[in-house]
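Q: Sequence first, then the predicted structure:
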Amino acid sequence: MPHKDTANEPAPALAPEHAATVRSLAGDLYPELFQLYARLHSEPELSGQEKETAGRIASQLRTAGYQVTEGVGGYGIVGVLENGAGPVVLVRADLDALPIEEKTGLAYASKARGSLAGKEEVGIMHACGHDVHMTVLVGTARILSLLKDQWQGTLLMVAQPSEEVGAGARSMIDDGLFTRFPHPDCALALHVTPSLPAGRVGFREGLFWAGCASLELVIHGMGGHGSRPHETKDPVVMAAETILLLQTVVSRETDPSEPAVLTIGSIHGGTKGNIIPEQVVLQVNYRFFSEDTGKQIRAAIERTARGIACAAGMPEDRMPVVKDLYTGPPIHNDHELTRRSASSFRSVLGKENVIRMNRFTLSDDFSLFGSVKPKIPLCYFLLGTAREESPADSGKPCEVPGLHNPEFSPDPEPAIKTGVKAMVAAVLEALRA
Ligand code: ZN
Ligand code: ZN
């Protein structure tokens, strides 16, 4: 449960006249930003395929006066605005959409279809709000360009591909994000959340979003006729036992004071009711807030699958195989940067609209931006999108469609204006260092 943070509040970071300027520019830009948002929303692209989206963001940044480099780690975009001596501040948004068929009924709903490599054709939708993130990035870039006489330093506007598959931050870093461009003194990003009403932002110092890992677990068996199971080793039964026993990893093995999640989101095996297949493949995702917990879960998955295969009498050379697909650390927000950002949010949004949140078990590969050397302090914050009073505030369960839901539908005007005001304020505050 978030709670309102009013105790021991520091003074607002932005002078009232500057806060008023930021608010009015966000209002002036909104009609154009909505056009961009509706376009991005109606023409989404899947992870690793964000060609048109990236081109659109590149051209917006160029028009706003930024030096733009395209194709950084795939379709990644870096826009640089140098404005004298001062801190280097990075702002990041993500480009990709999801393989989900949109069911919002909005006038600008997506009808796009496509497929990820090796998968069936599906609908595509910005169901994680990355279209809002990009729109806020462009609005922030434009306002900071207009306000150039009020700050000194360098801005790095980063549009990252492939967040949803946990690949884009890594590919941009590997392609020189932190060597070919000025090294940032801090990095800021936001993510939409329907847990807050549009018009509000949420923050938390220290650990905020979880570390995340995905793996594929291949359970081998020995196939045969369904009528003669005694001549086979049935991987379907082994998979069922593995799934049930893995439910005890978080409930019985990890420290109850350390939040963790283990989800098996996919199971595939077999072709027909009377054939015992050769293998079953599970896809497992787990979340953690400490490296030790992550390692403990990883070890428990392998040990459990192996133990069940042994119990079934599988030979040593046909033990289950674990293929690690992605591992990323939790988002650890820098305490001072986050406190200063929250103070800047209060100056443009009013203190009643700035909420300290609890940890989330969601994850974002933005965390990798904080794991490079020299270390980059991070501030990752949440932007409310809900059209009604927050279920998180009322203590009732969330009834509005959540992230990755086909009916996820942010309230665009208050969400985009609030995101732009908050991000501009946080950047101006970071540039004061
Ligand atoms: Zn997502
Ligand atoms: Zn997302």
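A: Nice, I can see it. Numbering: from 1, shown residues only. Ligands and ions are numbered 1, 2, ... in the order given.
Q: So for the nearest residue to residue 232 once chain neighbours are set aside, what's the pLDDT?
A: Once flanking residues are discounted, residue 232 sits nearest to residue 224: 3.8 Å by CB to CB, 6 or more residues apart in numbering. Just so you know, the C-beta spots here come from the backbone N, C-alpha and C atoms, and that holds for glycine as well. Listed pLDDT for residue 224 reads 98.
Q: cool, residue 15 as well?
A: On the pLDDT scale, residue 15 gets 86.
Q: What are the neighbouring residues in contact with it?
A: If a contact means CB atoms under 8 Å, 6 or more residues apart in numbering, then residue 15 has no contacts.
Q: remind me which residues of the stretch 201-350 of the chain are low pLDDT?
A: Within the stretch 201-350 of the chain, no stretch has pLDDT under 70.
Q: in its sheet, what does the lengthiest strand in the chain sit against?
A: Identified as the longest strand of the chain according to DSSP state E is strand 186-197. Counting by DSSP bridges, the strands paired with strand 186-197 are strand 88-94 (parallel), strand 378-386 (parallel).
Q: what's near enough to touch the residue nearest the centre of the chain?
A: Closest residue to the average C-alpha location of the chain: residue 364 at 3.4 Å, with CA atoms, centre = their mean. Residues in contact with residue 364 (CB under 8 Å, 6+ apart) are 94, 163, 189, 191, 209, 331, 380.
Q: Adding neighbour count as columns, could you present the residues you listed in JSON lines?
A: Below are those laid out as JSON lines (neighbours: other CB atoms under 10 Å):
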{"residue": "94", "neighbour count": "28"}
{"residue": "163", "neighbour count": "23"}
{"residue": "189", "neighbour count": "24"}
{"residue": "191", "neighbour count": "24"}
{"residue": "209", "neighbour count": "24"}
{"residue": "331", "neighbour count": "29"}
{"residue": "380", "neighbour count": "25"}
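Q: What pLDDT is listed against the residue nearest to the centre of the chain?
A: pLDDT, residue 364: 97.
Q: Spell out, range by range, the helices that occur in the stretch 251-400 of the chain.
A: Using DSSP state H, counting those that start in this stretch, the helices of the stretch 251-400 of the chain run over residues 291-311, 335-349, 391-394.
Q: Excluding chain neighbours, what is closest to residue 78?
A: With sequence-adjacent residues excluded and distances taken as CB to CB, 6+ apart, residue 78 is closest to residue 69, at 4.8 Å.
Q: Make sure that neighbour is indeed in a strand.
A: Yes - counting by DSSP: H, G, I helix; E, B strand; the rest coil, residue 69 is found in a strand.
Q: Residue 61 is in contact with that one, correct?
A: No - with contact defined as CB atoms under 8 Å, residue 69 does not reach residue 61; the gap is 10.1 Å.
Q: on that earlier part again, export the strands paired with strand 186-197 to JSON lines and tack on distance to residue 350 and mean pLDDT?
A: Conversion of the strands paired with strand 186-197 to JSON lines gives the following (distance: least, CB to CB, whole Å; pLDDT from 0 to 100):
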{"stretch": "strand 88-94", "distance to residue 350": "23", "mean pLDDT": "98"}
{"stretch": "strand 378-386", "distance to residue 350": "13", "mean pLDDT": "97"}
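Q: between these, which one is nearest to residue 280?
A: strand 88-94 (32.9 Å; CB to CB).
Q: Disregarding flanking residues, what is the spatial nearest neighbour of residue 89?
A: residue 430 (4.7 Å).
Q: Packing partners of the helix or strand hosting the one you found?
A: Residue 430 is part of helix 412-431, with elements assigned from DSSP states H and E. For helix 412-431, the packing partners by 3 or more CB pairs under 8 Å, 6 or more residues apart in numbering; DSSP states H and E come out as helix 16-42, strand 88-94, helix 130-146, strand 186-197, strand 201-203, helix 335-349, strand 378-386.
Q: which other helices and strands contact the shortest one?
A: Read it as strand 201-203. By 3+ CB pairs under 8 Å, 6+ apart, strand 201-203 packs against strand 186-197, helix 335-349, strand 354-356, strand 378-386, helix 412-431.
Q: nearest to residue 121, of those?
A: strand 186-197 (26.8 Å).
Q: right, and residue 258 touches residue 290 too?
A: Yes - using CB under 8 Å, residue 258 makes contact with residue 290 at a distance of 6.1 Å.
Q: how close does residue 64 sit to residue 136?
A: For residue 64, the distance to residue 136 equals 13 Å [CB to CB, to the nearest Å].
Q: who's more crowded, these two?
A: Comparing residue 64 with residue 136 by other CB atoms under 10 Å, the one with more neighbours is residue 136, at 30 against 20.
Q: Could you pull up the residues touching that one?
A: 93, 190, 383, 416, 419, 420, 423.
Q: most surrounded residue in those residues?
A: residue 423 leads the contacts of residue 136 on contacts (other CB under 10 Å) with 32 neighbours.
Q: Spatially nearest residue to that one, not counting backbone neighbours?
A: Per CB to CB, 6+ apart, closest to residue 423 is residue 140, 4.3 Å.
Q: Tally up the residues packed near the one you found, please.
A: Around residue 140 there are 28 residues (other CB under 10 Å).
Q: So it sits against residue 421, correct?
A: No - the criterion here is CB under 8 Å, and residue 140 misses it with residue 421 at 9.3 Å.
Q: What backbone torsions are found at residue 257?
A: Here is the backbone geometry of residue 257 (degrees, to the nearest 10): phi -80, psi 0.
Q: Can you give me the neighbour number for it?
A: Applying other CB under 10 Å, I find that residue 257 has 5 neighbouring residues.
Q: how far away is the residue nearest to residue 423 from residue 97?
A: Per CB to CB, residue 140 is found 21 Å from residue 97.
Q: next one: residue 353
A: On the measure of CB to CB, residue 353 and residue 97 end up 28 Å apart.
Q: who's more crowded, these two?
A: More crowded of residue 353 and residue 97, by other CB under 10 Å: residue 97, with 30 against 21.
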